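Q: Here's a sequence, model it:
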Amino acid sequence: MDPPTPESLALSTTDPLTSHFTSLNDLAHELASLQDLATRGSWRSILDKVTRARAQSLLTKPHDHLVYFTYNVLALTKLRRFTDAAAEIDSLEDLSSLRYKYEGYPDVYPGRVGSMVPFSLRWMYALIPMKLGRRQDGLDRLYLLLDFVRRKVKEKIEIGSDDVWRRREMFVMNGIIGVHLNHKELAACLSLIKELLNRDYTDPVLVSKLGYIQMQMGDLEGAKRSFNVAQGMVEKVEGSEMRNLVSRNKALVYMVGKDYVSAVREYEECIERDGSDVVAINNKALCLMYLRDLSDSIKVLESALERVPTVALNETLVVNLCSMYELAYVNHGDVKRTLSSWIARVAPDDFDTTSTRI
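A: Below you'll find the predicted structure:
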């Protein structure tokens, strides 16, 4: 759920997430604790907390039950227990049911109207079928979610509070683009990204995504033009995030041209600006590997795991590191077991330990 944002007093009877609330715990029973566990990746602890809260009847309001239900489904999903998560989701009624609306409980929520369903629950309702191999069902649900979000955007525009729902629209569209991109459905990706750009052509991240899709389609010159447009947008922007975006775009073009030395230079600039830029770290290591400098490529990834373990510890980076171990060392099994032992101590619950390929 998005954090509450102050709205005008006129919204106080229609939107429960307003300035009435000063902390997460004001929104739902011990929500701050749940959020802290989620931030630390303690998904098993979340399952335990939800079970205890239900068993001890600590959830006294209807929306408390929905919030805890959402965290429970999220935890099951993070732990790759997709069948269990689907069973939970299937136990719900239609999400538009009066049972899940504030006006269905006038004694509990006097004067409030609207849905109590957290947006993240709607998102997982669409996502889980794809995790179970039912891609078309999931994709259909994503498009239905997009329609729902767009209706909300129109409603909120009328009262001047559409920012949250516009971000959600962007989030869902990016999710749909990702699904199509994973299946090489590039024409659908291109159509969606252009739809977004027709609405806002001033977002360098969006323009860069257009470049990535053009690159996937083999249109390198088109990708270069898009990257140049994105670069022009951020020339006067302060901070490392947008500058790193431009450098990573340049590096991708170099990588496609197999100019790995120039790509490494761009990625090094990114890392100098932001030592936790994991994309730059990972890709720099890959470029060094392509340059047959396995020793340095391994050092890059190992150094990142030591410096910024909470950021760098992801399955893609670990898979790449283990691949490099296999190429570099005869006793790579021992080295990977050492890495696996370290991961077991520091990784969140949802880390996929099979990425070490032991």
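
Q: which stretches of this protein have low pLDDT?
A: 1-22 (pLDDT under 70).

Q: Looking at it, which helix is longest?
A: Ranked by residue count, the top helix of the chain under DSSP state H comes out as helix 135-157.

Q: by contact count, what packs against whichever helix or strand comes after that one?
A: Moving toward the C-terminus from helix 135-157, the next helix or strand (DSSP states H and E) is helix 163-182. Judged by 3 or more CB pairs under 8 Å, 6 or more residues apart in numbering; DSSP states H and E, helix 163-182 is in contact with helix 119-131, helix 135-157, helix 186-199, helix 204-216. All C-beta spots, glycine's among them, are computed from the backbone N, C-alpha and C.

Q: Let's have those in CSV, adding distance to residue 351.
A: Shown next, in CSV, are these (distance: least, CB to CB, whole Å):
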stretch, distance to residue 351
helix 119-131, 17
helix 135-157, 24
helix 186-199, 29
helix 204-216, 26
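
Q: can you put the ones you listed in TSV and add mean neighbour count and distance to residue 337?
A: As requested, the helices and strands packed on helix 163-182 are arranged in TSV below (neighbours: other CB atoms under 10 Å; distance: least, CB to CB, whole Å):
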stretch	mean neighbour count	distance to residue 337
helix 119-131	20	29
helix 135-157	16	36
helix 186-199	16	40
helix 204-216	21	36
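
Q: Tell me which of the ones you listed lies nearest to residue 103.
A: Comparison of the helices and strands packed on helix 163-182 against residue 103 by CB to CB identifies helix 135-157 as nearest, at 15.7 Å.

Q: How far off centre is the closest one?
A: 18 Å (CA atoms, centre = their mean, to the nearest Å).

Q: Helix 119-131 and that helix, what's the angle between them?
A: Computed by axes from the mean of the first three to the mean of the last three CA atoms, to 10 degrees, the angle separating helix 135-157 from helix 119-131 equals 160 degrees.

Q: what angle sits between helix 135-157 and helix 163-182?
A: Going by the same axes, to 10 degrees, helix 135-157 makes 160 degrees with helix 163-182.

Q: Residues in contact with helix 135-157: which ones?
A: 122-123, 125-131, 162, 164-166, 168-169, 172-173, 175-176, 179, 183 (CB atoms under 8 Å, 6 or more residues apart in numbering).

Q: List the contacts of residue 125.
A: So residue 125 contacts 89, 95, 141, 145 (CB under 8 Å, 6+ apart).

Q: wait, residue 220
A: Contacts of residue 220 (CB under 8 Å, 6+ apart): 214, 253, 256.

Q: Can you name the residues in contact with stretch 204-215?
A: Counting by CB under 8 Å, 6+ apart, 174, 177, 181, 186, 189-190, 193-194, 196-197, 200-201, 220, 222-224, 226-227, 229-231, 233-234, 242, 245-246, 249, 252, 256 sit against stretch 204-215.

Q: do the same with stretch 250-263
A: 212, 215, 220, 223-224, 227, 266-267, 270, 280, 283-284, 287-288, 290-291.

Q: Over to stretch 50-69?
A: For stretch 50-69, the surrounding residues in contact (CB under 8 Å, 6+ apart) are 1, 16, 27-31, 34, 71-72, 75, 88, 92, 99-100, 102, 104-105, 108, 116-118, 121.

Q: Can I get the buried part of those as one ChimeraX selection?
A: A single ChimeraX command suffices to select whichever of those are buried according to 16 or more other CB atoms under 10 Å:
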select :1,16,27,28,29,30,31,34,71,72,75,88,92,100,102,105,116,117,118,121
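
Q: And the strands in this structure?
A: Secondary structure of the chain (DSSP state E): no strands present.

Q: that older thread, buried ones among the contacts of stretch 204-215?
A: Buried, going by 16+ other CB under 10 Å: 174, 177, 181, 186, 189-190, 193, 196-197, 223-224, 226-227, 230-231, 233-234, 242, 245-246, 249, 252, out of the contacts of stretch 204-215.

Q: Compute the number of surrounding residues for the residue nearest to residue 104 when sequence neighbours are not counted.
A: Closest residue to residue 104 apart from its sequence neighbours, by CB to CB, 6 or more residues apart in numbering: residue 98 at 4.3 Å. For residue 98, the neighbour count with other CB atoms under 10 Å is 11.

Q: Count the residues that sit near the closest residue to residue 83 other than its chain neighbours.
A: Nearest non-adjacent residue to residue 83, counting by CB to CB, 6+ apart: residue 132, 7.0 Å away. For residue 132, the neighbour count with other CB under 10 Å is 13.

Q: can you offset everything so residue one is 31?
A: I'll keep to 31 as the first residue from here, and by that count the last item is residue 162.

Q: Which residues are in contact with residue 162?
A: 112-113, 116.

Q: With neighbour count and distance to residue 368 added, can I get those in JSON lines?
A: Shown next, in JSON lines, are those (neighbours: other CB atoms under 10 Å; distance: CB to CB, whole Å):
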{"residue": "112", "neighbour count": "17", "distance to residue 368": "31"}
{"residue": "113", "neighbour count": "12", "distance to residue 368": "34"}
{"residue": "116", "neighbour count": "20", "distance to residue 368": "37"}
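
Q: tell me which of these is nearest to residue 351?
A: Using CB to CB, the contacts of residue 162 come closest to residue 351 at residue 112, 27.0 Å.

Q: For that closest one, list the residues it contacts.
A: Going by CB under 8 Å, 6+ apart, residue 112 touches 106, 158, 161-162.

Q: State the distance from the nearest residue to it once chain neighbours are set aside to residue 66.
A: Spatial nearest neighbour of residue 112, excluding adjacent residues (CB to CB, 6+ apart): residue 161 at 4.2 Å. As defined by CB to CB, to the nearest Å, residue 161 lies at a distance of 26 Å from residue 66.
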